[in-house]
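Engineer: let me see the structure of the following:
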Amino acid sequence: MDTSYPREDYLPTLSHKREPSPTVLAVGVSPPPRDHLIWSVFNTIYMNFCCLGFVALAFSVKARDRKVAGDVEAARHFSSKARCYNALATAGSVVLPLLLAALVITGVIHLSKLAQESVGFFTYQFSGSDEEDK
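Structural biologist: Have a look, this model is predicted:
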């Protein structure tokens, strides 16, 4: 009796061909909502216009909590609010300094023109009074 194990004639043959894996497509499944947490943190720290960045951060944390809990509809609702507050905070923090800079520049230009006109007014010589003295 042959006691050697495994026997060569019963070894399975290894094929070098791999069978293609089936492709699975998920139909009708929407991706989970984004929580916009990084954008909210950025707005809270760097551009906190009227505390809108902090409000956006609160809604972002709520959206993340709801997403982890599995409540996709509430997560989508809080995510939408966080995106709106982030957009408002970013727009306010970018537009208002640009508007202020434009007002300062136009004010400086107007004041420089006004100063040039006043210098011309004060350097005017009254030649009529000089002739009467002679």
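Engineer: let me know the helix or strand that the spatially most central residue of the chain is in.
Structural biologist: Central residue of the chain (CA atoms, centre = their mean): residue 39, 5.1 Å from the mean position. Here residue 39 sits within helix 37-45, counting by DSSP states H and E.
Engineer: other SSEs contacting that helix?
Structural biologist: helix 52-69, helix 72-122 (3 or more CB pairs under 8 Å, 6 or more residues apart in numbering; DSSP states H and E). Bear in mind the C-beta positions are built from the backbone N, C-alpha and C, glycine included.
Engineer: ok, which of those comes nearest residue 30?
Structural biologist: Among the helices and strands packed on helix 37-45, helix 72-122 comes nearest to residue 30, with 8.0 Å by CB to CB.
Engineer: quick one: mean pLDDT over the closest one.
Structural biologist: Mean per-residue pLDDT for helix 72-122: 91.
Engineer: sorry, back to before: verify the stated contact: the residue nearest to the centre of the chain with residue 57.
Structural biologist: No - Residue 39 lies out of contact with residue 57 (CB atoms under 8 Å); the separation is 9.4 Å.
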